[in-house]
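# Sequence and computational prediction follow.
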Amino acid sequence: MRVAICTGGGDAPGLNAVIRSVVLTGTNRGWEMHGVEQGFGGLLGEADVVSLGRREVYGITHVGGTILGTTNRGNPFKWPRREADGSWSEVDRSNEVLAAFREHRLDALIVVGGDGTLHIAFELWKKGLPVVGIPKTIDNDVGGTLVTFGFDTAVSTATDAIDKVRSTAASHRRVLVVELMGRNAGWIALNSGLAGDADVVLIPEIPFEMEKVCAKILEREERGLHHSIVVVAEGAAPKSGEVSLNAAAGPGFSARLGGMGNKVAQWISEMTGKETRAVALGHLQRGGTPTTFDRLLALRFGAEATRAVAAGRFGDMVAYKPPKVETLSLEVVLGQAKLVPLDGDTICTARELGVSLGD
């Protein structure tokens, strides 16, 4: 068996752990293991397909990022191409991926990625590529699995940041707004906001009203609490408005969310008179050493993926269904956007604690 692994989409803590797990569990079966660099780019001549063995993956479980590299502009079905006039277009290079797969005499491809990358894997599987998917995203928005590796580390990083800005907010009697990642799901913001004792948490699943947000801040003022912490998910939006974008969609990439934290800070300042500052953690949430939970989950995911390859369960995705890790059909899983359930106990806990959700 000649098996390859690739990592696509945004990076997440735990990627190197899953690579190590796949390589070692495959090597121990007597397989030849390979890594496709830069997402699918290594199969399209944009990077390389490299041999992976024990030496290459030694001691990388705790290392952030991915030794194979990754990209969020690497959809082979919509590959960006620069035209002669300088404009950009998108071309379908999926058949080249299949041809390169055969040229490298590969028997299976393990694809590690979030919702977008797994959609690509599913489409390639429908074209005949033997694929097994492993879900990875700090956003925790992939359906079918309770959690994805990278999420726990991102929440820990965000919680630590909230803890740190609290002392500044208290010292200066300010409102501190912390903008967090998560795309269209509020998992990071909600979990870190609760863990960090935030006073207001705004998530995409609940359109917010600034009057309600400011009422919470002013209510704290009346009780002699002259500082507040507001956590804003990058995909949150006011009830009467739209999400904030840092960049519009273009060839090979989707629109980039961001900037809502600054807007909320400005509105709070104007409506309450309180000095307000905003900080966006951005890619800090993607980096760093993965937590113990993310390391173990990544190692378990990698081992399950090699078991799926050995059993010929292609077109499947690894999933965490406590207490087990198992595989589910990609066809069933994809399209199930996993958003924060509004009737879930975490939302109920937030409300009962007195946290404003802007509604």
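Ah, there it is.

# ok, the nearest residue to residue 275 once chain neighbours are set aside - contacts?
Closest residue in space to residue 275, ignoring its immediate chain neighbours: residue 174 at 4.8 Å, by CB to CB, 6 or more residues apart in numbering. Placement of C-beta: from N, CA and C, glycine included. Neighbouring residues of residue 174 by CB atoms under 8 Å, 6 or more residues apart in numbering: 168, 227, 274-277.

# Drop anything exposed from those.
Among the contacts of residue 174, those buried by neighbour count (16 or more other CB atoms under 10 Å) are 227, 274, 276-277.

# Now intersect those with the strands, please.
Those of those mapping onto strands are 276-277, per DSSP state E.

# Now render the buried ones among the contacts of residue 174 as CSV, adding distance to residue 244.
What follows is these, written out as CSV (distance: CB to CB, whole Å):
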residue, distance to residue 244
227, 24
274, 21
276, 16
277, 17
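
# from the buried ones among the contacts of residue 174, which single one is nearest residue 352?
residue 227 (22.5 Å; CB to CB).

# Give me the pLDDT for that closest one.
Predicted confidence (pLDDT) for residue 227: 93.

# Could you pull out the helices in the stretch 201-350 of the chain for me?
Applying DSSP state H, counting those that start in this stretch to the stretch 201-350 of the chain gives helices spanning 210-222, 260-272, 292-311, 330-333, 345-353.

# mind listing what's buried in the last one?
By neighbour count on 16+ other CB under 10 Å, the buried set for helix 345-353 is 347, 350.

# returning to what we had before: for the helices of the stretch 201-350 of the chain, which one sits closest to residue 236?
Nearest of the helices of the stretch 201-350 of the chain (CB to CB): helix 260-272, 5.6 Å.

# Now do the closest one against helix 210-222: the angle between them, please.
Relative orientation of helix 260-272 versus helix 210-222 (axes from the mean of the first three to the mean of the last three CA atoms, to 10 degrees): 60 degrees.

# The residue nearest to residue 275 and residue 10: what is the separation?
31 Å (CB to CB, to the nearest Å).

# Please apply the same query to residue 320.
Taking CB to CB as the measure, residue 320 falls 20 Å from residue 10.

# Now that residue 53 has come up, it's in contact with residue 23, right?
Yes. If you go by CB atoms under 8 Å, residue 53 and residue 23 touch, sitting 7.0 Å apart.

# Tell me where the model's unsure across this structure.
Residue ranges of the chain with pLDDT under 70: 247-254.

# what's the longest helix in it?
The longest helix of the chain (DSSP state H) is helix 151-172.

# So which elements touch the helix or strand that comes right after that one?
Beyond helix 151-172 in the direction of the C-terminus, DSSP states H and E gives the next helix or strand as strand 175-180. Packing partners of strand 175-180 (3 or more CB pairs under 8 Å, 6 or more residues apart in numbering; DSSP states H and E): helix 151-172, helix 187-195, strand 228-233, helix 260-272, strand 276-280.

# and these, which is most packed in?
Of all these, strand 228-233 carries the top mean neighbour count, a mean of 28, counting by mean count of other CB atoms under 10 Å.

# how many degrees apart are that one and helix 187-195 in direction?
Strand 228-233 runs at 160 degrees relative to helix 187-195, counting by the same axes, to 10 degrees.
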